[in-house]
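Asks: Need a 3D model of the following:
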Amino acid sequence: MRSIFLIFLLILAGCSSSPETTEQSKADKPEVTQPPKKHDPDNMDPNAGRYSLEHDKAPDVIPVLKNIKDAVPRYEPRSLAGNKDYTLRGKRYHIIKNPKGFTQTGYASWYGMKFHGHKTANGETYDIYDMTAAHKTLPIPSYVKVTNTRNGKTAIVRINDRGPFHDGRIIDLSLAAATKLDVVNHGTAPVKIEVISVPKPTTVQGWHAVTPHYYYVQLAAVAGESKAEEMKANLRKKYGVPVNTQRVNTSTTYRVRLGPYLDHDAAQHMLDRVKVNQYPKAFITTVNR
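Replies: Presented below is the predicted three-dimensional model:
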């Protein structure tokens, strides 16, 4: 009987384990070269516990330099997420409102598999093979030219995340961007970054091509249609802009909003204006066209 019990335990142990899966799709992957040295881990990572990997590392598949293309700058409105001033480790960071002509020198680092597939500050999914980067205070998204001042190599990247939060480091590069700049094997490199400004659209059709929604500045939610209409009339007289009221589902509550705006900056300007008056809790919202 005891031997039967031992056999039963061995069967259970075998069922509780599964073979490691190593098969990967190769259709969309770049050519493979030897992986570089591991990226130095961030011992002060504020996201500890969020990621499946404890330390950052390079992937098994490294992009081949000749296949890496720069990000193509185009006008994009600021994302609603990731563009508010914030505090981290007791330090306050203020998002740059007008980055035109902005330049900065310091050190670049890069981030890899620990963050691959996770959300960036503006809600996009980080992909190590995209030409993206993180910056502490530039608007998201922004486009910047990065020059490795040690070797003169350049790359154009799209900012869609926040970081790096190390003294002296000014930009955190994706693996693709770090490969193009020859930063991967060194871990960090001295760089200069320059913002690339892209003109805003000048026609309604142009705006529709770059944003799928309208922006509104929501001031309040009030009870009753008559109160909402009274507020609408007063706001139109005070600010001289379109005012929108919308019933919330089947309730008697109505949202009162200024807009619509095609330009996020115009909506932000109005938000700043109403917040210093009588609507400190106003915020920007979007509605798909």
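
Asks: Isn't A155 up against K69?
Replies: No. With contact defined as C-beta atoms under 8 Å, A155 does not reach K69; the gap is 9.8 Å. Heads up, the C-betas are built off the backbone N, CA and C, glycines and all.

Asks: between these two, which one's more packed in?
Replies: Shown here are A155 and K69; by other C-beta atoms under 10 Å, A155 has more neighbours (26 against 11).

Asks: pLDDT wise, what is that one at?
Replies: You'll see A155 listed with a pLDDT of 98.

Asks: Run a quick neighbour tally on the spatially closest residue to it that is not a sequence neighbour.
Replies: Excluding the flanking residues, the one nearest A155 by C-beta to C-beta, 6 or more residues apart in numbering is K180, at 4.5 Å. For K180, the number of neighbouring residues by other C-beta under 10 Å comes to 25.

Asks: My read is that L88 contacts F165, right?
Replies: Yes. Look at L88 against F165 with C-beta under 8 Å: they come within range, at 6.2 Å.

Asks: Domain-wise, how is the chain divided?
Replies: 65-195, 204-288 (automatic domain parsing).

Asks: for this structure, what spans make up the helices?
Replies: 2-16, 175-180, 204-210, 225-239, 264-275 (DSSP state H).

Asks: ranking those by burial, who's on top?
Replies: With neighbours defined as mean count of other C-beta atoms under 10 Å, the helices of the chain peak in mean count at helix 175-180, which reaches a mean of 27.

Asks: returning to that earlier point: quick one, which of the helices of the chain is nearest to Y216?
Replies: helix 264-275 (7.3 Å; C-beta to C-beta).

Asks: one step back: OK, contacts around the residue nearest to A155?
Replies: Counting by C-beta atoms under 8 Å, 6 or more residues apart in numbering, K180 makes contact with 65, 68, 70, 131, 153, 155.

Asks: residue ranges for the strands of the stretch 51-200 of the chain, please.
Replies: 86-88, 91-93, 103-110, 132-134, 142-148, 154-161, 169-173, 189-195 (DSSP state E, counting those that start in this stretch).

Asks: out of those strands, which comes closest to P242?
Replies: Judging the strands of the stretch 51-200 of the chain by C-beta to C-beta, what sits closest to P242 is strand 142-148, at 29.5 Å.

Asks: Identify the residues contacting the closest one?
Replies: For strand 142-148, contacts defined as C-beta under 8 Å, 6+ apart pick out 71, 73, 99, 108, 133, 135, 138, 153-159, 171, 173, 177, 181-183, 189-196, 198.

Asks: And stretch 267-281, by the same measure?
Replies: Counting by C-beta under 8 Å, 6+ apart, 78, 215-217, 219-220, 239, 241, 258-259, 261, 282-284 sit against stretch 267-281.
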